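1. Dropping a prediction and its sequence here:
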Amino acid sequence: MKRTILSIALALSVGCAFAQSNAFAKLADIKGVEHVVINKTMLNLAAKSGGDFDFGDDLPLEGMSGDMLKKLENISIYNCEGEDGVDTISKQVASILNGRGWEPLVVGTDEDGERIKISQFKKGKKSTIAIFHEEEGESSLIILEGKMDFKKMIEKQVEISVTEN
């Protein structure tokens with residue numbers, strides 16, 4: 001009986017994690033959406049070579065490298081331009097991130113109307129972090145999956161910013 005219950009619980013937890021990735025994968029089918037996946041092999045190569053990933057000026061994760069990259073299983077990036085695609089992706093991302101298990105960590109809008117939402121889905125030691133940035137006619141979504149601690153990631157970014165300034 002205990003094995004049956006444990007097996008069902010394990011199957012459901014794997015199903016939940018797969019469902020999260022699968023929900024985002026459907027975004028690639030939206031007209032005007034560009035989608036790139038950086039897998040564990042590439043992340044490990046970047047970590048070993050001392051390389052880093054920079055997500056641009058508008059997103060709070062710059063220069064991810066070394067130990068941080070090793071903790072990631074993959075990075076998925078969705079970019080969309082054009083009002084129709086942006087509206088569609090915004091609605092679908094909102095639907096996913098407002099769903100069960102997602103914890104909003106940062107939600108903000110600046111004076112130009114640009115919006116950012118960072119949410120986290122945690123299952124045991126594994127986390128999925130979604131960073132959604134939207135401005136007029138353009139939106140970007142970055143999905144980070146792996147064994148990471150968002151608090152440590154932000155602390156590292158603050159440390160990088162202080163060192164650079």
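-> Received, thanks. Computed from a predicted model, the values in this text were never measured in an experiment. Numbering: from 1, shown residues only.
2. Give me the neighbour count for Asn22.
-> 10 (other CB atoms under 10 Å). Using the backbone N, CA and C atoms, a C-beta is placed for each residue, glycine as well.
3. and it, that one's in a helix?
-> Yes. Counting by DSSP: H, G, I helix; E, B strand; the rest coil, Asn22 is found in a helix.
4. quick one: it from Gly137, how far?
-> 28 Å (CB to CB, to the nearest Å).
5. contacts for the host helix or strand of Ser90?
-> Following DSSP states H and E, one finds Ser90 within helix 83-97. Under the contact criterion CB atoms under 8 Å, 6 or more residues apart in numbering, helix 83-97 has outside partners 20, 23-24, 26-27, 30-33, 78, 80, 102, 104, 117, 119, 130, 132, 134, 137-139, 141.
6. Give me the helices and strands touching the helix or strand following it, please.
-> Proceeding N to C from helix 83-97, the next assigned helix or strand is strand 102-109, under DSSP H and E. Helices and strands touching strand 102-109, by 3 or more CB pairs under 8 Å, 6 or more residues apart in numbering; DSSP states H and E, are strand 115-123.
7. So which other helices or strands are in contact with the strand it packs on?
-> helix 2-25, strand 102-109, strand 126-135.
8. Please put the alpha-carbon coordinates of that strand into CSV.
-> Listed next in CSV are the C-alpha coordinates belonging to strand 115-123 (Å, rounded to 0.1, in the frame of the first residue of the first chain):
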residue,chain,number,x,y,z
ARG,A,115,6.3,45.7,-16.9
ILE,A,116,8.2,42.9,-15.3
LYS,A,117,7.0,39.9,-13.4
ILE,A,118,9.3,37.3,-11.8
SER,A,119,7.7,34.2,-10.4
GLN,A,120,8.9,30.9,-9.0
PHE,A,121,7.6,27.4,-9.0
LYS,A,122,9.3,25.1,-6.5
LYS,A,123,9.1,21.4,-6.2
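9. Nothing else from me, thank you.
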